[in-house]
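Engineer: Sequence and predicted structure are below.
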Amino acid sequence: MREARSQLALIGFMGTGKTTAGRLLAFELGYEFVDLDALIMEQSGLSIPAIFAREGEEGFRRREKEALLAVAGRPRQVLATGGGIVLDPANVETLRATGFVVWLRASLPAILARVCRGEGRPLLGGGDPKAAAAALLAAREELYRRAADFTVDTTELPPVEVARRVAAWFRQWIREEG
């Protein structure tokens, strides 16, 4: 079934470039770009930090799952997911059943440089953002690895190069399977 799908879902930790590279990738492929976090904010009328404050992580994860189910599998789509999408095995199953999953990864120092002090990042707030990021990344890394069809390390790459590498992989896959 995945062979007939043309959706590319980008997974990875916060600050790895899913939204930025995703927009460029969608442009390069001539695909629609969907940012799941932006969709959740649009549907709820709330920012991600406001959802976490009002509903906790559980409420956010429920909204995330609903948003994913609403858009998963649309053809010719690049979908940028939130960093915790892989925490629910059903989400991973949905992503893998409806398209291809690309893990954008980066080193912890690169991530920290990109997300600054964790402002606007509810899971890094309160306390030591570096320690929180390290713990979250360690807990999720294997989940990302298992979910991914393809991986790009974005630590030293500009977003345009990330998009080019993913597009080249995807086009090669299409040629080989077509």
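Structural biologist: In hand now; what should we look at? Predicted, not measured: the structure shown is a model, and the values here were computed from it. Numbers count the residues shown, from 1 in each chain.
Engineer: Phi, psi for the nearest residue to residue 103 once chain neighbours are set aside please.
Structural biologist: Setting aside the residues directly before and after it, residue 103 is nearest to residue 148 in space (C-beta to C-beta, 6 or more residues apart in numbering), at 3.7 Å. All C-beta atoms are positioned from the backbone trio N, CA, C, and that covers glycine. With angles defined as degrees, to the nearest 10, residue 148 sits at phi -80, psi 140.
Engineer: how about residue 148, what does it touch?
Structural biologist: For residue 148, the contact set (C-beta atoms under 8 Å, 6 or more residues apart in numbering) comprises 11, 101, 102, 103.
Engineer: repeat that with 10 Å
Structural biologist: Residue 148 makes contacts with 9-12, 86, 92, 95-96, 100-105, as judged by C-beta atoms under 10 Å, 6 or more residues apart in numbering.
Engineer: Counting residues, name the longest helix you see in the protein.
Structural biologist: Assignment by DSSP state H gives helix 48-71 as the longest helix of the chain.
Engineer: so what secondary structure elements neighbour that one?
Structural biologist: The helices and strands touching helix 48-71, judged by 3 or more C-beta pairs under 10 Å, 6 or more residues apart in numbering; DSSP states H and E, are strand 7-11, strand 32-35, helix 36-44, strand 77-80, helix 89-98.
Engineer: picking that back up, check the contacts of residue 148 and tell me the two furthest apart.
Structural biologist: In those, two members sit farther apart than any others by C-beta to C-beta. They are 96 and 105, at 17.7 Å.
Engineer: So between those two, which is more surrounded?
Structural biologist: Looking at residue 96 and residue 105 with other C-beta atoms under 10 Å, you find the greater number of neighbours at residue 105, namely 21 against 18.
Engineer: Tell me the bridge partners for the more buried one.
Structural biologist: On DSSP bridges, the residues paired with residue 105 through beta bridges are residue 153.
Engineer: Would you confirm that it contacts residue 141?
Structural biologist: Yes - with contacts counted by C-beta atoms under 10 Å, residue 105 reaches residue 141, the gap being 7.9 Å.
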